[in-house]
Every structure is written in C-alpha cells, then in structure tokens.
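**Q** Sequence and computational prediction follow.
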Amino acid sequence: MEKIWEIAPEIEEDFQNKFPEINPIILQLLFNRGLKTQKKIDEFLFPDYSQDLHDPFLFKNMKKAVNRIFSAVEKGEKMVVCGDYDADGITASAILFLTFKKMGAKKITVYIPDRETDGYGLNKKIVEKFIKDKVDLIITCDCGTTNFEEIKMAKKAGIDVIVTDHHCPGEGIPQVFAIINPQIEKETYPFNYLAGVGVAFKLIQGILKSPKCQIDNKEGMEKWFLDLVAIGTVADSMPILGENRTLVKYGLIVLNKSANIGLRSLIKKSGLVLGGIETNSIVYYLSPRLNAAARIKHAEEALKLILTEDEEKAKEFADNLNDFNKKRQVLVERVIKEIREQIDPDSKDKILVLLGKDWPKGILGLAASKLLDEYYRPVIILSQKGKEAVGSGRSIPNLNLHEILSQLDKYFSRFGGHPGAVGLTLKDINLFEDFKKELNKIAEKKIKEEDFIPKIKIDAKVKLKDINWDLYESLVKFEPFGRDNWQPNFLVRNVILNDLQKVGQKKQHCRLVVGDNKKMIYFSPNSGVFDFKKGDRLDIIFQLGVNQWNGHQELQFKVIDIKRS
C-alpha cells in the first residue's frame, strides 16, 4: 500500500539560535512536539516525579470522594470496586483494592464484569447483585460515566457510587455521589488524558495526602504502584505526554524491579527480563496476556495474578494467561478469515461494517484493529447474540468514530469509548442494514478519499554522517515512547545501495548496506524491495536503535519505508 510521507516543517533559524547548545536534529524533534521554551524542554527531557504530577485535589470531587471512602472504612461498610475487564481496568481495580485493604477496610471486594454475559461497565443485573449483597458503596474504575440508569437504580437502593473513569461522557453525568473523570465538562483538573488506572492512582494520591490517612510509608506505597500504572496507561494507548509521561517513565523504573510476585512471573513467562522492559514490552507481551483472560475466560484470572502473594500460584496464573493468549491468537485468525470472505472489494462504503454469528465478543476489537491496519479505513465488527448484536469499532486518525456514532444512539442499547475505539450493542438485529446505511451516509460527508492513504510522519531529514552514538544518547531522553510521542522517524535521501540480502530463518527480512557501509534492517518488507539493485539511489525512512549480540552492541537502523530517489 502506497503511503504519504509527511515531513515536519524545518525549524527556523531564530529558534535554532535560541538554543545553540542543542544538536539541531534533537532541537527539531523538540520543536515537533511543541516544546519551544527552556521550561517545557526541561520538563520533557527530565521528568521529575516530585514536581510534575498535579495535585489530586484539583479534581472537583476529589475531597468529597476521599472523605466518603474514609467514612466507609471507619464504619465498616460493605464496599465493592467495580472495574473494567481490560488491562487498564484490572490494574486500576488492583491498586484501589490494595489501598483500601491498607486503610483497614474489612468488607471490600472487587467485581470485574464478565465480558460475554455482562458486557462493559455496570449493568442492571450487576447492580441488582450489589443491592442483594447489601453493598453500601460502589467505586467504579475505568467505567461508570455513561451508566445513568444503573447508578440511579443503585442510588434509589441507598448505595452511594463514586465513579473513577476516563471515558468520554454522554449528555450530562449520572447522579453519582462523586465523579472523578478528567473528560467531563467543567472539570478543573489540568490534564485530560489519564488512563483509567491513572485516575484511580489520583484517588489513591488523594487518600494518602489526606490528614486522616494513617498508612505507614505512604510515599513508598504510592511509588510501588507505578508499575501497574505504567502497564494500564500504555496498554490503553493513552498519550505519553504530560503527566502520563512522568507516570510511565517512573513506572517503567519500578516495573523493571517490580516487587509484585505475579508480575514477575508474567514477565518471565513472556520471555522478558527485568531491567530490559520498555513500553513495547507492555504493548506486545504483557498487556496481550492480561487482556487474554477476559477474552478467553474471565478477567479475574488476570486480577488474581496481580493480587497473589504466593509464588507457586503466581506461576500457575502466568501459565494460564500465556495459554489464554495462544488461544486468543488462533481465534482472531479464524474470525478475520471469515470476515475477509464477507468484504466486498468493490464496496464504496467508507466505514467497513461487518456482522457475523458466534464470533467471540472478546476478540472483536482485536480483529477490528487488524483489519484497520490492512484496509486503512474505519471498521466496526458486530456479532449477533439473540436479537441484539455486540460489537467493537476502530478508526483512522482523521475520523472521530465516537462522535459519529453518538449521532446514531437511537440504534444502541449500549455505547461508549474514545475517538479511535468504541464498543456498542445494536439493540435489534433487524436494524443492521439501516444502521450501516445511515452510518456511511454521515461518513460520506466526513471522510475524504485522501484520508484513506496511510501517512508516515517524518520528524527530520538527516545525513548518515550525522547519525552517531551521541545522537542516540540524546534520543534515549525522549523515552518512554508511545502514543503522541512515537519513536522518531528520520529520512535520509539519495543514498547509494551497496548491497541487499535476504535474512532471517525464512529469508523474510532484508538487510541493506548503504552510503559509507551503514547497515540497515527492514523487517518483513513488501516484495518490491527485493527488486532494488546495487547502485540504486534510495530515499529511506528509518528509526535509530541499538542491536546487541554476543556482548557487542552497534547502532541499528530499522527501515520503516523506502522509495527510489
């Protein structure tokens, strides 16, 4: 698939003269991220845990929520933490539960909904269970903002509800005792992009800051939770900027020496090594295994791993999650194969909307993500369940899918999510064709044809002679990488190809030698790359890293895309 190369505007001479001591390539990267003052540059390059986190009491309802929780603990009330079933919700549930236990809560439980039978967030059946169990206080995490009817039902039964969440609100907010969500209208908290676990962590900070808190070693307890905060934040694809950047940077430090027995077992089972874990380790190894629990069995399997203090149990839970992940991979491939058979190559629809039977609900989002990558257009996958259809959607950067679907809420019994990822339940299967037609009618006005051409953002044009260890050491300060702080892409133009070889066990990768014998690696390129010949002049987009082997290390040029000059 042809891609558009978008090169960031070059820095102006005035800006370069303002910071003559900074390498021009590094200065370009800082400029691209909107970091144009010494203060902002220092905050980005040198995150400071003691200085960069906002006061939790900047949340309008924080004091009210903290006081209600202390009251519940003191009175011995029955409390339940109700979290989402993904890695973000599980990590959020774990840190809240462990904190409440430390506070002295005796009647505290965690309820994670079943993905297949309960669906996302609170539902009336769950609230009925809480009423029957005589629960006094519900604390949600990573859910609750759009559960109007369920929260009204709980309130009527005399149950207070504190919502901690980060999802987009609907019209207004539910009748909760307190809500802590940086996305709601008129919220005074200065950072909008916390993950669900980030919001839960701010509640914990509020508790630990309270004069009522008698927990020993508050600072140590807070920081040891950062491994879980980093996992949930990265797993939920939140921007790694601002407060998230500080939380993830310090969270990775904690994760690499984690005291959590379950996480240590999962790290080992995933083939990772303590000391070498970075954001990609979470994305490709840890979060898929934590998420696999809900997709294949129940999210409680992942929660038990995080909460256990027994080494043998930790190994058992890690084995289970690893097995679930393997089963999940097989299921996704089966469903995608069936979906591909449905897709009409001649369809003019701007959003792919697909319906099947018996597709496991837990893997619909993964399948949608894979098809989004393959077809580069928004995808909604629905699986029929009785007269309803449950589904997940994923979108391209230029289209806010949540905003579009908000205009069609007459079709849904449940709906929520983010601009790029949504969950929905079509209330009547007979409405499918009407829904699909109306959705694409709106999309027709919103999406241009050029939006369907993938774009590669290039941070800076460079010369090969400028790439060295000093530059790499400066790039390390840009970590952790992730959404909105992606690993930089560099462009080198008009370099001569000296050699090209197929490498890898199946000869599926490509090694190029260019310019003054710089070696580059291109993992799984399209077949056209192998048509290049010695002497060809190429334009190459690459990322800079380190390759370590047999105790040696060298700079690694990882090719992202390549064209003839």
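**A** Perfect, thanks for sending it. Numbering: from 1, shown residues only.
**Q** Now find how far off-centre stretch 284-293 is within its chain.
**A** 12 Å (CA atoms, centre = their mean, to the nearest Å).
**Q** any idea of the mean pLDDT for whichever strand or helix holds S383?
**A** Using DSSP states H and E, S383 sits in strand 379-385. The average pLDDT within strand 379-385 is 93.
**Q** Helices of the stretch 301-450 of the chain, residue ranges please.
**A** For the stretch 301-450 of the chain, the helices defined by DSSP state H, counting those that start in this stretch cover 311-342, 364-375, 401-406, 432-446.
**Q** Then F530 would be within a helix, right?
**A** Yes. Counting by DSSP: H, G, I helix; E, B strand; the rest coil, F530 is part of a helix.
**Q** is it true that it touches C510?
**A** Yes. If you go by CB atoms under 8 Å, F530 and C510 touch, sitting 6.8 Å apart. Where C-beta positions appear, they are placed from N, C-alpha and C, glycine not excepted.
**Q** thinking F97 is in contact with V80, fair?
**A** No. F97 is not in contact with V80 according to CB under 8 Å; the separation is 9.7 Å.
**Q** where do the contact lists of these two overlap?
**A** 108, 110 (CB atoms under 8 Å, 6 or more residues apart in numbering).
**Q** what's the burial count for N547?
**A** If you count neighbours by other CB atoms under 10 Å, N547 ends up with 13.
**Q** That one - that's part of a helix, no?
**A** No. Assigned with three-state DSSP, N547 falls outside any helix and is strand.
**Q** Now do the SS call for the nearest residue to it once chain neighbours are set aside.
**A** Leaving aside its sequence neighbours, N547 sits nearest to Q556 (CB to CB, 6 or more residues apart in numbering; 3.9 Å). Recorded secondary structure, Q556: strand (three-state DSSP).
**Q** tell me the contacts of Q556?
**A** So Q556 contacts 521, 544-547 (CB under 8 Å, 6+ apart).
**Q** From the residues you listed, pick the one nearest I126.
**A** I126 has its nearest neighbour among these in G545, at 45.6 Å by CB to CB.
**Q** Could you point out the bridge partners of that closest one in the sheet?
**A** Beta-bridge pairing for G545 (DSSP bridges): Q556.
**Q** just the one 4 residues further on next, same as before
**A** W549 has the following beta-bridge partners by DSSP bridges: H552.
**Q** how near is the residue nearest to N547 to M520?
**A** Q556 sits 8 Å away from M520, going by CB to CB, to the nearest Å.
**Q** do the same with P56
**A** P56 is 46 Å from M520, by CB to CB.
**Q** re earlier: please pick the buried ones from the contacts of Q556.
**A** 521, 544 (16 or more other CB atoms under 10 Å).
**Q** would you turn the contacts of Q556 into JSON lines with pLDDT and distance to T140?
**A** JSON lines is the format used below for those (pLDDT from 0 to 100; distance: CB to CB, whole Å):
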{"residue": "I521", "pLDDT": "95", "distance to T140": "46"}
{"residue": "L544", "pLDDT": "96", "distance to T140": "42"}
{"residue": "G545", "pLDDT": "92", "distance to T140": "40"}
{"residue": "V546", "pLDDT": "90", "distance to T140": "42"}
{"residue": "N547", "pLDDT": "86", "distance to T140": "45"}
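**Q** What pLDDT is listed against M1?
**A** 67.
**Q** neighbours of the nearest residue to I261 once chain neighbours are set aside, just the number please.
**A** Using CB to CB, 6+ apart and skipping residues adjacent in sequence, the residue nearest I261 is A314, 4.6 Å away. Neighbour count of A314, defined by other CB under 10 Å: 23.
**Q** before we move on, what about L401?
**A** If we define neighbours as other CB under 10 Å, then L401 has 24 of them.
**Q** Distance check, it against G423.
**A** 11 Å.
**Q** Overlap in contacts, the two.
**A** With CB under 8 Å, 6+ apart as the test, L401 and G423 both reach 393, 417.
**Q** can I get the contacts of Q556 in TSV with distance to K297?
**A** Listed next are the contacts of Q556 as TSV, based on distance: CB to CB, whole Å:
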residue	distance to K297
I521	38
L544	41
G545	36
V546	38
N547	38
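**Q** which of the contacts of Q556 lies closest to K129?
**A** For these, the nearest to K129 is G545 (49.6 Å; CB to CB).
**Q** neighbouring strands for the strand holding S383, and are they parallel or not?
**A** strand 352-357 (parallel), strand 388-394 (antiparallel).
**Q** Which stretch among those strands is buried most, on average?
**A** With neighbours defined as mean count of other CB atoms under 10 Å, these peak in mean count at strand 388-394, which reaches a mean of 23.
**Q** what does it rub up against?
**A** With CB under 8 Å, 6+ apart, strand 388-394 has contacts from 119, 355, 361, 364-365, 368-369, 371-372, 378-383, 401, 405, 413, 417, 420-429, 432.
**Q** avg pLDDT for that strand?
**A** 93.
**Q** before we move on, what about stretch 284-303?
**A** Averaging pLDDT along stretch 284-303 yields 95.
**Q** Same question for that stretch: list its buried residues.
**A** Buried residues in stretch 284-303 (16+ other CB under 10 Å): 285-303.
**Q** Quick one, which of the contacts of strand 388-394 are buried?
**A** Buried among the contacts of strand 388-394 (16+ other CB under 10 Å): 119, 355, 361, 364-365, 368-369, 371-372, 378-383, 401, 405, 417, 420-427, 429, 432.
**Q** thinking again about what came up before, go through the strands paired with strand 379-385 and name the closest to P113.
**A** So among the strands paired with strand 379-385, strand 388-394 is nearest, using CB to CB, at 13.0 Å.
**Q** How far does that closest one sit from its chain's centre?
**A** Put simply, strand 388-394 sits 19 Å off its chain's centre (CA atoms, centre = their mean).
**Q** Same question for stretch 181-200.
**A** Distance, centroid of stretch 181-200 to centroid of chain: 15 Å (CA atoms, centre = their mean).
**Q** Between the two ends of it, how far is it?
**A** 10 Å (CA to CA, to the nearest Å).
**Q** for it, what is the average pLDDT?
**A** 96.
**Q** go on, stretch 523-538?
**A** 89.
**Q** Straight-line length of that stretch, end to end?
**A** Using CA to CA, the two ends of stretch 523-538 sit 17 Å apart.
**Q** Which positions in that stretch come out as buried?
**A** Here stretch 523-538 shows 525, 529, 532, 538 as buried, counting by 16+ other CB under 10 Å.
**Q** can you pull out the helices in the stretch 1-150 of the chain?
**A** Counting by DSSP H, counting those that start in this stretch, the helices of the stretch 1-150 of the chain are 13-18, 24-32, 38-45, 49-52, 62-75, 87-103, 124-132, 148-156.
**Q** Looking at these, which is nearest to V335?
**A** helix 87-103 (20.9 Å).
**Q** List the buried residues in that closest one.
**A** For helix 87-103, using 16+ other CB under 10 Å, the buried residues are 87-100, 102-103.
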